[in-house]
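# Fold the following and give me the result.
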Amino acid sequence: MAQPTLISFSYDGREDYDVPKVMLRALIYATGKRGHLIENMFLNLHHQGRKHGFAVWGFAEGKLDRGGGLFVPDTGVVAYHHFNPIDEFDFRFTPGEYQIEVFGAVVGRKASLKLFSGTVRMDHVKALEPSTVYYFNWDPADRRYNGEFQF
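Below you'll find the predicted structure:
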């Protein structure tokens, strides 16, 4: 996975509760001519000494679909990747540093591959409210993410 150009923290509103979401936009590519088939992806978020798993994956190249396989050619595929937890709905985004790890389960491999690892910092807010989004834009000149809070 190439460096994601955009990462966001938000919540998906459901009837009775809000589900935390991490979204990123990135190019995933294969180094071989035949490409690879990713059967699933998941994201781990490390914050304040705890690891939080986001194992429900969806991607969008137009409309958002639940992940269920993605062919990745050697030229790559760019998409928005959305990750929600399976059962950790009480998780809330609070200020501080977050380590993000994205993994892909590739057909034919026993272990998942780490596709991306990076750090972002959420500042300027006590806690993220369900109706807001915190964006992290990649700054290639400074080689870091700049955070921006939006309603």
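# Give the bridge partners for the closest residue to Ala55 other than its chain neighbours, please.
Closest residue in space to Ala55, ignoring its immediate chain neighbours: Phe42 at 4.4 Å, by CB to CB, 6 or more residues apart in numbering. From N, CA and C alone the C-beta is placed, and that goes for glycine too. Counting by DSSP bridges, Phe42 is bridged to Phe103.
# got it, and the one 4 residues further on?
In this structure, His46 has the following beta-bridge partners (DSSP bridges): Lys51, Gln99.
# residue contacts, it?
Residues in contact with His46 (CB atoms under 8 Å, 6 or more residues apart in numbering) are His52, Tyr98, Gln99, Ile100, Glu101.
# what residues are up against Ala60?
Ala79, Tyr80, His82.
# likewise Gly68?
Applying CB under 8 Å, 6+ apart, the residues contacting Gly68 are Glu39, Asn40.
# rerun at 10 Å
Glu39, Asn40, Trp57, Gly58, Phe59 (CB atoms under 10 Å, 6 or more residues apart in numbering).
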